[in-house]
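Visitor: Here's my sequence, what's the structure:
(4 chains)
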Protein chains: 2
Amino acid sequence: MRILIADDHGLIREGLKKILLESLPFAEIHDVSDSAELFKKSIKEPWDIIISDISMPGYSGIEILKQIKTHVPNTPVLMLSMHSPEQYAVRAIKAGASGYLTKESAPYELVTAVQQILAGRKYITNRVAEVLASSLETDSSKLPHENLSDREFEVLKKLVEGKSVSEISEMLSLNINTISTYRARILDKMGLRSNADLIRYAIEHKISDL
Amino acid sequence: MRILIADDHGLIREGLKKILLESLPFAEIHDVSDSAELFKKSIKEPWDIIISDISMPGYSGIEILKQIKTHVPNTPVLMLSMHSPEQYAVRAIKAGASGYLTKESAPYELVTAVQQILAGRKYITNRVAEVLASSLETDSSKLPHENLSDREFEVLKKLVEGKSVSEISEMLSLNINTISTYRARILDKMGLRSNADLIRYAIEHKISDL
DNA sequence: ACCAATTGTAGTAACTTAACTACAAAAGCT
DNA sequence: AGCTTTTGTAGTTAAGTTACTACAATTGGT
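Guide: Below is the predicted model:
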């Protein structure tokens, strides 16, 4: 049983490991602390399951998830997040995740999720199922930011954190103009005019976790 | 040895517990998941150390820390945070914390910190020490924005409203560079780095009247 | 299966902002 | 009164951002 854990917080990695080892004492658990490493390791070696935080420095979790899924589509991935399900669950599941848990979850949920996924199933909590279901309904009832594409959303978050266009372009290894275009599309889709508006919106809708 | 852990994320609480138990196998570890509970439990029962996340729903960690410190001043508190030290370290230490760690920290740091604090000392990392030292240079009895001049404050408000440097320069019939200089001075005095920080600060301190 | 819309990406040119630097006037301290 | 710091103000140059345009790849709809 080979498990790969990805999270940028040392304490959290260690904690997850210990929780898992309690119920899967013979598991061979490896861990990585950033998305680049996660990507490399996930396609280079075989894993029974990958457990990854969704928000790590560098490439976003969703982005890496997609990458992993194109390279090793049969390796199941369980995404963990600090955020409330609405923010990411749908995106994660659509990108091929086998499950989605928030860190609020009780430890036994982690264990259950992992076991269920190892058994070839998906682990979708009620909360996520709900969100998923309602995401299929009319999108007229959607909040403006729910119409953003994954990339746009990713850029939105970074803008809200105060990152500049060029910083973001560097983080994502994209051209500055590309980020500028995303920003323009975000503003357009959300009917806003400035980064300040974006930040207010984000605070009001609890998009950022800062 | 009685340890109280406070964190709103179940997985994290559990992880911390397991990490601590490894080096302190006889510790009696309790945990709570929100600030109200933390407060109640921290003054009702005796603890050798309290380990608390700084950002929990409800009252902020700092607020609770202060409360705890007025009621049971001798119980040491170690604060944990997801955020970079600059944001909170100084405030936490001033409010009476015995130490400040980010969740990036390696597990052994947690253990070291706890042991050092249990031994009656404080645990201050280099990063935090640095920030702490430089915080003594400015007049810290005042809120950062109270050191702004009138013009600076005027510009601050407009920046927070989302006005661009050039718009402001036009409104005030001043050179663009002048506004740029004000902005730089504001950021400097307030120890912030971006307009995004400014907006967050403003919202938090209810500076703007929007 | 076909066409339209959206998404991910970047180039070029125009425009805006940041970083320094500077300096006189006002305020603050001794 | 004299020295120091802060404030109000801009110039120059370098760096960064926006606006517009474009186009292939995907997705979505019928």
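Visitor: Can you show me the strands along chain A?
Guide: A:2-6, A:28-32, A:49-53, A:77-81, A:99-102 (DSSP state E).
Visitor: Now tabulate those in CSV and tack on distance to B:Ile43 and mean pLDDT.
Guide: Glycine gets a C-beta too; all of them are placed from N, C-alpha and C. Rendered in CSV, the data for those read as follows (distance: least, Cβ to Cβ, whole Å; pLDDT from 0 to 100):
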stretch, distance to B:Ile43, mean pLDDT
strand A:2-6, 37, 95
strand A:28-32, 38, 95
strand A:49-53, 34, 93
strand A:77-81, 33, 89
strand A:99-102, 30, 87
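Visitor: Show me the helices in chain A, by range?
Guide: Taking DSSP state H as the criterion, chain A contains helices spanning A:10-23, A:35-44, A:61-71, A:85-94, A:107-118, A:126-135, A:150-160, A:165-171, A:176-190, A:195-204.
Visitor: Now distance to DNA strand C, mean pLDDT and mean neighbour count too, for those, in a markdown table please.
Guide: Putting the helices of chain A into a markdown table (distance: least, Cβ to the nearest atom of the strand, whole Å; pLDDT from 0 to 100; neighbours: other Cβ atoms under 10 Å in any protein chain shown) gives the following:
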| stretch | distance to DNA strand C | mean pLDDT | mean neighbour count |
| --- | --- | --- | --- |
| helix A:10-23 | 28 | 91 | 21 |
| helix A:35-44 | 14 | 88 | 18 |
| helix A:61-71 | 8 | 83 | 19 |
| helix A:85-94 | 10 | 73 | 22 |
| helix A:107-118 | 25 | 90 | 19 |
| helix A:126-135 | 13 | 69 | 15 |
| helix A:150-160 | 3 | 87 | 22 |
| helix A:165-171 | 7 | 90 | 17 |
| helix A:176-190 | 3 | 89 | 16 |
| helix A:195-204 | 10 | 84 | 20 |
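Visitor: any idea how far the one residue sitting closest to the centre of chain A is from DNA strand C?
Guide: Against the mean C-alpha coordinate of chain A, by Cα atoms, centre = their mean, the closest residue is A:Ile54 at 2.8 Å. A:Ile54 is 16 Å from DNA strand C, where distance means Cβ to the nearest atom of the strand, to the nearest Å.
Visitor: my guess is that residue meets A:Ala95, correct?
Guide: No - A:Ile54 lies out of contact with A:Ala95 (Cβ atoms under 8 Å); the separation is 10.2 Å.
Visitor: With adjacent residues omitted, what lies nearest to A:Leu16?
Guide: Setting aside the residues directly before and after it, A:Leu16 is nearest to A:Ile5 in space (Cβ to Cβ, 6 or more residues apart in numbering or on different chains), at 5.5 Å.
Visitor: and that neighbour, bridged to which residues?
Guide: Beta-bridge pairing for A:Ile5 (DSSP bridges): A:Asp31, A:Ile51.
Visitor: distance of it from A:Ile19?
Guide: The span separating A:Ile5 from A:Ile19 equals 10 Å under the rule Cβ to Cβ, to the nearest Å.
Visitor: Next: A:Ser166.
Guide: Look at A:Ser166 and A:Ile19: by Cβ to Cβ, they are 40 Å apart.
Visitor: Tell me how chain A divides into domains.
Guide: As recorded under automatic domain parsing, the domains making up chain A are A:2-135, A:140-204.
Visitor: Give me the distance from the longest one to the chain's centre.
Guide: In other words, domain A:2-135. Its chain's C-alpha centre lies 9 Å from the corresponding centre of domain A:2-135 when counted by Cα atoms, centre = their mean, to the nearest Å.
Visitor: For the residue in chain A positioned nearest to chain B, which non-adjacent residue is spatially closest?
Guide: Using Cβ to the nearest Cβ, the point where chain A gets nearest to chain B is A:Gly15, with a distance of 1.4 Å. Take A:Gly15 and drop its neighbours on the chain: the residue closest to it by Cβ to Cβ, 6+ apart is B:Gly15, 1.4 Å away.
Visitor: The one you found contacts A:Lys18, correct?
Guide: Yes - with contact defined as Cβ under 8 Å, B:Gly15 reaches A:Lys18; the gap is 6.4 Å.
Visitor: Give me the common contacts of A:Ile54 and A:Ala95.
Guide: For the pair A:Ile54 and A:Ala95, residues contacting each of them under the criterion Cβ atoms under 8 Å, 6 or more residues apart in numbering or on different chains are A:Ile62.
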